[in-house]
Structures are given as structure tokens and as C-alpha cells.
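> Here's a sequence, model it:
(chains A and B)
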Amino acid sequence: MVAGNTKRIVIEPVTRVEGHGKVTILLDEDNRVAQARMHIVEFRGFERFIRGRPYWEMPVAVQRLCGICPVSHHLCAAKAVDRIVGVDRLTPTAEKMRRLMHYGQIFQSHALHFFHLSAPDLLFGFDADPAERNVVGIIRKNKPLAVQAVKMRQFGQEVIKATAGKKIHGTGAVPGGINKNLSVEERDGLLSRTGQMLRWARDAVKIARDYTIEHLEMLSDFGSFESNHMCIVRDDGAMDLYNGGLRAIDAEGGTIFDHVPNEAYLDYIAEEVRDWSYMKFPFIRSIGPEDGWYRVGPLSRVNACDFIDTPEAEAARKDFLSLTDGKPNNITMAYHWARMIEVLHSIEMIERLLQDPDLQGDELITTGERRGEGIGIIEAPRGTLFHHYKVGDDDLVTMCNLIVSTTSNNEPMNRAVRGVAEKYISGRPEITEGMLNSIEVAIRAYDPCLSCATHALGQMPLEVTLVGPGGDVLDKKTKDG
Amino acid sequence: MSETFTFTIDGVEVEGEPGQTILEAAQAAGIYIPRLCHKDGLEPWGGCRVCTVTVNGRSASACTQPAAAGITVENETDELVDMRRGIIEMLFVEGNHFCMFCEKSGNCELQALAYRLGIAAPRYEYLWPTRDVDASHPDVLLDRNRCILCARCVRTSRDLDGKQVFGFVGRGPGKKIAVNASARLSETGLDVTDEAVDACPVGAILRKREGYRIPVGLRRYDGTPIGSDIEKGASS
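Numbering: from 1, shown residues only, chains lettered A, B, ... in the order given. You can find the predicted model right below:
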């Protein structure tokens, strides 16, 4: 991937998600970091092999991209396909069932990431003994917390099952609506547990908040940098994870664009291809590829929204922004805190939705006049997700474009890796396990899909190569997933 | 009325009537013999061989073999079950069957048989054939990737709809379902209300725009294995 007198490192195309990451670090003659890159070898081929399939398959087929947040792909594809069947507004039952499914997904995915994947770093320290720094270590040290984590995830999964039919890879959303409503039994079963989930969500916010504030000095310089942020927001500027117009702000909170209709995304976002990664680099057109990169995900959403439409999460948002005097928080590790604010928001929304009688309604599907193209945008747990399809008169897909959250965070993750590498590696010829993990910690803050396969057993499939100015490999550390 | 007679299936005495096949007599007695190409209301075809049983020790397809007095039929022996698994596995590897996102999933007889027979993975290599999708008809999709050449659509169109929309072309590995037109399904006389549209046991012929409407949990084979309706009929 690097020309000249340095060694070229070839990466095999593995998977986009739940897969392998690779970091290469190039040193100059003084052993200073000259280049640090994280490679995600994104080659699933979905955009190509989905062509020629009927459009109504998209929500069920494309969600197979991921086993961690398939609901996001399921719903995003469904939103795009809604447009194709001419539906701009779902029935209240359909929209609320989909929202319930989505908040269940956000809740479980965030809980999984925070407690199972990242908490070991936060609770034990970045350079703690790897034998202890894992989910089993958490079970040993703090069993109630571990049990809480499992039960929070379980609850989110059961919300998904009640709305999509299955905990993973369900079929709830269909073109123009939903294929089931929520039975009273399902509703009551979930409602009986929301109180406990709400208490645990509050606790989770506190854990993430206290950690951030306690380590503020270190974290402010840990893979952190100023950046643009992007997400969708409701018409009134509220956080809306299911539907809304695109908003982008700069590092100071200034508006770059706002309330951009989903259909116009290509006028505002472009993707750059670089020769060393299968993953594209999206950027804001008006700024250009050099400086137009942006972050997505919980940090961006909490930074960019005007308010959160649930009381406890809104109070937590205000507390979060008070740290930066109301300006966007650009600390990479603050993603965790923002993520837990969204957990709190999700359970508040779940509780609100479960009390809505529309969920027991019978009007499930709407129809309209067929169109040849559909675009759906949703806020997945990891950030803004785009699905764009074109369909022929014969109902078969002719074009598919997906921009997944981790792709948007490609440049930010690379910057975080470089920042941590400069701080922890520059001038040191040997890589320690703790140093390696520090790089992982910065990557994990973004909850990229590549971390999915990871950490559950305490290891992330990551390779770090230290290359000297002559191209010789000085050191190499590999961890298998 | 003709006189009935008796014979045994796996040691159980079963009553038969003249003119009945073994499969029909078994079904009337509440014994399920797995089948794919057989469809009630169509003439027996004997194509898929999934219903193969032994009759007095010799193999025969239960859908075509007449029941007869005193015969000894074996249906659920280890050898026969393994043979059926083998046939189902061959059908899976010969086509492109992606149950995970197929809209027929949960309502598919091939998938349901695989579940009933306990198939976790095929013993054969996947062939990954290149097959096409004919989406030209406004209301019906023909996805040859999933066709298992059972001829149910061919026979239903010919014998029940009186149309002959479908047929076969090619031989051996090159055999495939064809339509009675110069090129595409839209050029045939197929109507979405034809019985042939519902004859397909897999997801090769489908009504367009209706996929995934039945929630997981309520699909035909979500709750009980294929054949349960026949077995339940006996016990009630």
C-alpha cells in the first residue's frame, strides 16, 4: 500500500463486518510515526450481487450484511423500498412498530458494545493484563454488572423479536409497512421490565460519564481531534434515530447543512476512493475531500441535535454538553458517554411506544404509485446509514448504493489511530501489548463493525506492523479474533 | 364399493382400497411418507424419488406404486431416511437456495423436509449454477435459481389450468424449467390466478410483491414439521 522505500503490505479481502482490522505504522529515520493507517478490507459485494433481485427482498437480504445490527439494514432498506412502492407515510401502527424495533436494536447494540466490548478497557485500564481485561474479567470482578449487561441486551433482543419475528434477521418490515402488530401479551411482557431497564440505563450513563470526567485530561489527548459531525434530525431539530433530514455541523457547532431531504444526499455527500483501502472515504461535497470528512454515531448525534425528546436523556445531553460549554464535544472517548445517553433515550422511547395503543392497530401496510428509485437513511447504532436502490419496470434491482456508518467513520478512525500511535509509539522501537491495545481502544470508541467479532473473548483480530524507513519490518504483533 | 384390503407399513397394519397408491393409503391411515413432486389432485409422477419406500424388499416410489393386499412396506428405516436426506441434499447443492432471505422460507417444502429429516448441511459440494430470473410477468416471478425440477407447475398448468405454460428443456445437469414462449414468462398465457402459480413447493414461482407478509412464527412450517397435518389426521 505504500510506495518508495517502504514495504508494501498486502491485505486479503476479508469481510466488512465482524471481520479483521489491520493497522500499519510507518516510521521515519528518527523512529517517528510518518504514517499510521487502519485498514478495513471491505469486500462483501452486496452492492453488486443484490442487482437482479426483486426489490421486496432488499430488507431481508441486505440485513445479512451484519449479525450485530441487522435491524438497521432491515429498516433502512425498508425505508428505501417504501419509496419504491410509492409510500411516503406509513400507517401509525407500521411506523411505531418499526420505531420500537429500532430502539430495541439501539438499546441492545449499545449495551453489547459498552459492557461486553469496551468496559474491560475502561474498568481495568488500557494496559491491564489481557487475561483480566475481558468480559470474563468483568464477570469475575463485578458479577452484577455483567448480569445487567446480559439482561439489557436480552431485553433489546426481545423487543426485536416482538416486532420482527426473530431476534436476529427477522422479517417485520415489508414494503409500505410491517407484517405484524404488537399483541397485548407481548406489550405487557415487555412493559413489565422497562422499569428495571431504565434504572440500569441511568447507571450506565453514570458509569460512562464518571469515567470520562475522571480521565478527562488523558482522554482529551487520546486520539481526539476536532471534526465535523453528521446525523439525521427531526424537523424540529430533535434527535430522531429513525427518520429525519440530514444535518452536518462543524467542530464549533456551526451549521454546514441542515434538514437535507434524504433524496438529495448525493448533492451533499460524495465518496472518495483511496488506493490502500477497499473502504471508501465519504466527505461533504461543499468542503471537499481534504477537510470534508465527518464523524457519525452517538457522539455526532448528541452533539448535533437541538434536544432529545425524552426527559432523562435530555437532562443527560445537557450535562454532557456542559463539559464543553454547549459546543460539540470532540473527544473520541466521549463516544461512550454519548452512547449511554442514547441507551437511556432508547429505553425511554421504548416505554413510551409500548404505552401507545397504535401498536395494537390493524392497518399495517400502505400502497402508492410505483417509483423507480428509493433512498432510505436511518441512524444505525454506529451512525448514519444510507441505502439507495434503483429498480427496473420488472421489479428487479438495477443499482444499489450503501454507505454504512463505519465507512463514514473511516477517516476519523484513521486519525484516532494516528493520534494514539504518535503519542504511544513514536520514538519507541518495540511494541508492547498495552500500546497495541491503546490503538484498539481508540478504534473501539467508534464501535466499528470490525470490532464485532472481538473482545467477547478478550481479543480483537488486529495486526500492527512497525515498518522502518528502509521498509524493513521492525516489529509485528498479531492478535487473532 | 370395492373391497378393502390390508397391508403393513413399518409393521403397522394399514387399510387400502383398490386403485390407491401406497402413498395415498398411507396418508389415509395417518402415516406420512415424505414427498416433493407429488401434489394432491395431480396424477402421480414419480420424479423426485423422495417417497421411495421398499415393497417386499424392493425399492419403489410410493406415489406411483399401487397398494396391494399383504405387501410389506418399509418407510422409516435408517437406510431410507438417509437416502431421502441424500436426495434433498442433492437438490440443495444443485440449485442456489438461500433460505436465509428467501421469501418462501417457512413455507417451503424443500426447507421443511430438510428440517424434518435433520439435515444440518449437505454432504455434497455446492455446484453454484448460473441460472436466471424471469421477472417479465407483471404479477409472477420465475426464479430458476430455486427450481428443483419437480414438474408440479408443468403438470398443474397442463392438467388443471389447461394452458401448458411451463415445460422442460435440456437434459441432465442442463435441464431447466422453460416457458411456452419465444423468450419470457410475460409472453405466455399465465395468469396470476392460475393454479400453477401456487403449485411450486419452493420459491421458484412466486406472486410478486407478496413476500414476507406472513410474520415469522405464523408461517406454514414454523410451528410443526411438514407432514404433521397427515399424522395429526390419524390421531384425531
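> Tell me where the chain is predicted with low confidence.
Chain wasn't specified; assuming chain A. Along chain A, segments meeting pLDDT under 70 span A:1-21, A:40-44, A:275-279, A:429-431, A:450-464, A:477-481.
> ah, I was thinking of chain B
B:1-2, B:233-236.
> Residues of it that sit close to chain A?
Along chain B, the residues adjacent to chain A under the rule C-beta under 8 Å from any C-beta of the partner chain are B:100-101, B:103, B:133, B:135-136, B:141, B:208-209, B:211-217. Bear in mind the C-beta positions are built from the backbone N, C-alpha and C, glycine included.
> again, 10 Å this time
Counting by C-beta under 10 Å from any C-beta of the partner chain, the residues of chain B close to chain A are B:98, B:100-103, B:105-106, B:132-139, B:141, B:143, B:145, B:184, B:186, B:206, B:208-219, B:222.
> Now the residue of the stretch 1-150 of chain A found nearest chain B. Nearest residue, chain neighbours left out?
The stretch 1-150 of chain A approaches chain B most closely through A:Ala61 (4.0 Å), counting by C-beta to the nearest C-beta. Excluding its sequence neighbours, the residue lying closest to A:Ala61 (C-beta to C-beta, 6 or more residues apart in numbering or on different chains) is B:Phe101, at 4.0 Å.
> Tell me who's in contact with the one you found.
A:53, A:57-64, A:169, A:171, B:211-212 (C-beta atoms under 10 Å, 6 or more residues apart in numbering or on different chains).
> can you name the two of these that are farthest apart?
Spatial extent of the contacts of B:Phe101 (C-beta to C-beta) is set by the pair A:Arg53 and A:His169 at 16.4 Å.
> State the helix or strand in which the residue of chain B found nearest chain A lies.
The nearest approach of chain B to chain A comes at B:Val216, 2.9 Å away (C-beta to the nearest C-beta). For B:Val216, there is no host helix or strand (DSSP states H and E).
> That one reaches B:Glu103, doesn't it?
No. Contact criterion C-beta atoms under 10 Å: B:Val216 and B:Glu103 do not qualify, at 12.0 Å.
> Would you mind telling me which of the two has more residues around it?
B:Glu103 (24 against 19; other C-beta atoms under 10 Å in any protein chain shown).
> Next up, the contacts around the more buried one.
Contacts of B:Glu103 by C-beta under 10 Å, 6+ apart are A:54, A:56-57, A:60-61, A:171, A:174, B:141, B:143, B:203, B:206-207, B:210-214.
> State the helix or strand in which the residue of the stretch 1-150 of chain A closest to chain B lies.
Per DSSP H and E: helix A:58-61 holds A:Ala61.
> mind giving me the domain ranges of chain B?
When chain B is parsed with automatic domain parsing, its domains come out as B:5-76, B:84-207.
> for the last one, how far is the first residue from the last?
This means domain B:84-207. 29 Å (C-alpha to C-alpha, to the nearest Å).
> Show me what the helix holding A:Ala61 is in contact with.
A:46, A:49-50, A:53-54, A:70, A:73-82, A:84, A:169-175, A:374, A:376, A:387, A:389, A:391, A:397, A:400, B:98, B:100-103, B:105, B:211-212.
> List buried members of those residues by neighbour count.
A:46, A:50, A:53-54, A:70, A:73-82, A:84, A:169-175, A:374, A:376, A:387, A:389, A:391, A:397, A:400, B:101-103, B:105, B:211-212 (16 or more other C-beta atoms under 10 Å in any protein chain shown).
> where do the helices sit along the stretch 301-450 of chain A?
A:311-322, A:335-354, A:405-408, A:410-424, A:433-445 (DSSP state H, counting those that start in this stretch).
> can you redo these as CSV with mean neighbour count?
Formatted as CSV, these follow (neighbours: other C-beta atoms under 10 Å in any protein chain shown):
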stretch, mean neighbour count
helix A:311-322, 18
helix A:335-354, 26
helix A:405-408, 26
helix A:410-424, 22
helix A:433-445, 23
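> Ok, which of these comes nearest B:Val53?
helix A:335-354 (53.0 Å).
> what inclination does the closest one have with respect to helix A:311-322?
Between helix A:335-354 and helix A:311-322, the angle comes out at 160 degrees (axes from the mean of the first three to the mean of the last three C-alpha atoms, to 10 degrees).
> Packing partners of helix A:335-354?
helix A:92-111, helix A:119-124, helix A:143-164, helix A:184-214, helix A:298-304, helix A:311-322, helix A:433-445 (3 or more C-beta pairs under 10 Å, 6 or more residues apart in numbering or on different chains; DSSP states H and E).
> repeat that for 8 Å
helix A:92-111, helix A:143-164, helix A:184-214, helix A:298-304, helix A:311-322 (3 or more C-beta pairs under 8 Å, 6 or more residues apart in numbering or on different chains; DSSP states H and E).
> Tabulate the ones you listed (TSV), appending distance to chain B.
Output for the helices and strands packed on helix A:335-354, formatted as TSV (distance: least, C-beta to the nearest C-beta, whole Å):
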stretch	distance to chain B
helix A:92-111	11
helix A:143-164	8
helix A:184-214	11
helix A:298-304	29
helix A:311-322	31
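> for these, which one ends up most surrounded?
helix A:298-304 (a mean of 28; mean count of other C-beta atoms under 10 Å in any protein chain shown).
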